[in-house]
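Undergrad: show me how the following folds:
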Amino acid sequence: MARKKKNRVKSGDFVLTILVLALVVFGVIMVFSSSYYSAINDTGDPYSYLKKDIIWALLGLGAMLFCAMFDYRIYAKAAPTILIVSIVLLGLLFTPLGVTRNYATRWIGVGEFTIMPGEVAKIAAIIFVAWYLSKDPRRIKSFTRGILPLLGLCGLYFGLIILQPNLSTAITICGIIIGIMFVAGLNILYLVGIVGLGAAGVTVLILTDEDGYRLKRLTSFLDPFQDPLGDGYQVIQSLLALGSGGIFGVGLGKSIQKTLYLPEPQNDFIFAIIGEELGYIGCLTLIAVYIVLIWRGIHIALNAPDMFGTLLASGITIMLALQVVLNIAVVTSSMPPTGITLPFVSYGGNALILFMGCMGILLNISRHSAR
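TA: Next up is the predicted model:
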């Protein structure tokens, strides 16, 4: 009797799975700890943010499991359609469906359901650029057939997102696209030129801002104590939280800054609460987990069975690394405030579901890698 042919599909990257689940559980705990007083102040229910975060974590787990089982090569066939959908969603922000919060229109809402097109645009850009460059790897060597079209895509995304306004997400998406181009073989001279032109363009955009808002955000981090009750307030409270934590922290749940001193502690500045409650050791451990997770992403990209898988895994890993670095840099006043969340840990359903789904894609790529 003929022996059955062995299935070449593996179970996936075990280390990546454990790290992601650990980060999500840790994130739920820290969202509850950091949001306790904000939740009472906002809704009267100290568990309101916790309840929502648990629901989003479960939805994210479902997305992760689905993407881990869904053959990643199918994304290549739908790449142009995914790109068009993301652009349409960005355009819908400027219709009555757009929801404005804190002077920015970044959400599309229908009743209680909201979606952030900027988050969708990140994975759409990754899938499309990975498909475009893997379909003909020689494109990256051609300025007219490879580099120029992708720079045009950067410009399109940047223009649609900056109108929200959301400079940080616009820069992040452009960084992801350029990063994938570099992995695909972009000439280093082109890379330097593109980065230089991009930096010059952002500088002009900041300097020509009529109300000077972007310039204030850019310069406030240099010396936040110049305006301690204005532009520098949130960063100062963040630094006070980190400094109060010391080596081992004041203890889980015992943060002082979360008692309505640090605005929105469960969102972009949750790393400051982690530093206060768990100290330098806690921050260092969290950073170490992210480093190992990024390493696993690089490992999966290097061992992917085809170029599309390599570029897709690279794009997801670049997105993860960029957001971790940018978020921690903002919290430590190493760069201007950006509004970038800390992956898997910060409060926010769209970002959590997106990142867990992306980890599922990485798992699927690893399942198809050679043994």
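
Undergrad: give me the buried positions along the lengthiest helix in the chain.
TA: In the chain, taking DSSP state H as the definition, the longest helix is helix 270-302. Residues of helix 270-302 classed as buried by neighbour count (16 or more other C-beta atoms under 10 Å): 270-279, 282-283, 286, 289-290, 293-294, 296-297, 299-301. C-beta: built from backbone N, CA, C; applies to glycine.

Undergrad: could you check the angle helix 270-302 makes with the helix or strand following it?
TA: Per DSSP states H and E, the first helix or strand lying C-terminal to helix 270-302 is helix 307-331. Interaxial angle, helix 307-331 versus helix 270-302 (axes from the mean of the first three to the mean of the last three C-alpha atoms, to 10 degrees): 160 degrees.

Undergrad: what's the mean pLDDT across helix 307-331?
TA: Across helix 307-331, the average pLDDT comes to 94.

Undergrad: can you pull out the helices in this protein?
TA: 14-43, 48-69, 73-77, 79-92, 117-135, 148-162, 167-184, 188-207, 213-220, 233-245, 270-302, 307-331, 349-367.

Undergrad: what distance separates the shortest one from the centre of its chain?
TA: I take that to be helix 73-77. 22 Å (C-alpha atoms, centre = their mean, to the nearest Å).

Undergrad: ok, and what's touching it?
TA: Ile82, Ile127, Ala130, Trp131, Ser134, Lys135, Asp306, Phe308, Gly309, Leu312, Ile361 (C-beta atoms under 8 Å, 6 or more residues apart in numbering).

Undergrad: rerun at 7 Å
TA: Ile127, Trp131, Phe308 (C-beta atoms under 7 Å, 6 or more residues apart in numbering).

Undergrad: can these go into a markdown table with extra columns for neighbour count?
TA: Shown next, in a markdown table, are those (neighbours: other C-beta atoms under 10 Å):
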| residue | neighbour count |
| --- | --- |
| Ile127 | 25 |
| Trp131 | 21 |
| Phe308 | 22 |
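
Undergrad: top strand in the protein by residue count?
TA: strand 104-110 (DSSP state E).

Undergrad: partners of that one, with directions?
TA: Paired strands of strand 104-110, with direction, are strand 98-101 (antiparallel), strand 113-115 (antiparallel) (DSSP bridges).

Undergrad: quick one: mean pLDDT for the longest one?
TA: Spelled out, that is strand 98-101. 76.

Undergrad: list the buried ones in it?
TA: For strand 98-101, by 16+ other C-beta under 10 Å, it's Gly98, Val99.

Undergrad: also stretch 231-247?
TA: Per 16+ other C-beta under 10 Å, stretch 231-247 contains these buried residues: 231-242, 244-245.

Undergrad: of all pairs in these, which one is the farthest apart?
TA: Asp231 and Gly245 (24.0 Å; C-beta to C-beta).

Undergrad: and the helices of the chain, which one averages the lowest pLDDT?
TA: Across the helices of the chain, the lowest-scoring stretch is helix 213-220, with a mean of 67.

Undergrad: now Phe66: how far from Ala78?
TA: 15 Å (C-beta to C-beta, to the nearest Å).

Undergrad: do the same with Ala199
TA: 34 Å.

Undergrad: before we move on, what about Tyr47?
TA: From Tyr47 to Ala78 the distance is 39 Å (C-beta to C-beta).

Undergrad: go on, Phe308?
TA: 12 Å.

Undergrad: now for the nearest residue to Phe308 once chain neighbours are set aside: which residues touch it?
TA: Using C-beta to C-beta, 6 or more residues apart in numbering and skipping residues adjacent in sequence, the residue nearest Phe308 is Ser134, 3.9 Å away. Listed by C-beta under 7 Å, 6+ apart, the contact set of Ser134 reads Met307, Phe308, Leu311.

Undergrad: for Val250, state which of those is nearest.
TA: Looking across those and measuring by C-beta to C-beta, the closest to Val250 is Leu311, at 44.2 Å.

Undergrad: tell me if I'm right that that closest one and Met181 touch.
TA: No - with contacts counted by C-beta atoms under 7 Å, Leu311 stays clear of Met181, the gap being 9.3 Å.

Undergrad: got the buried residues for stretch 22-38?
TA: 23-24, 26-28, 30-36, 38.

Undergrad: about what we covered before: can I get the buried residues of stretch 231-247 in JSON lines with distance to Leu16?
TA: Listed next are the buried residues of stretch 231-247 as JSON lines, based on distance: C-beta to C-beta, whole Å:
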{"residue": "Asp231", "distance to Leu16": "39"}
{"residue": "Gly232", "distance to Leu16": "38"}
{"residue": "Tyr233", "distance to Leu16": "38"}
{"residue": "Gln234", "distance to Leu16": "33"}
{"residue": "Val235", "distance to Leu16": "33"}
{"residue": "Ile236", "distance to Leu16": "37"}
{"residue": "Gln237", "distance to Leu16": "34"}
{"residue": "Ser238", "distance to Leu16": "30"}
{"residue": "Leu239", "distance to Leu16": "33"}
{"residue": "Leu240", "distance to Leu16": "35"}
{"residue": "Ala241", "distance to Leu16": "30"}
{"residue": "Leu242", "distance to Leu16": "29"}
{"residue": "Ser244", "distance to Leu16": "34"}
{"residue": "Gly245", "distance to Leu16": "29"}
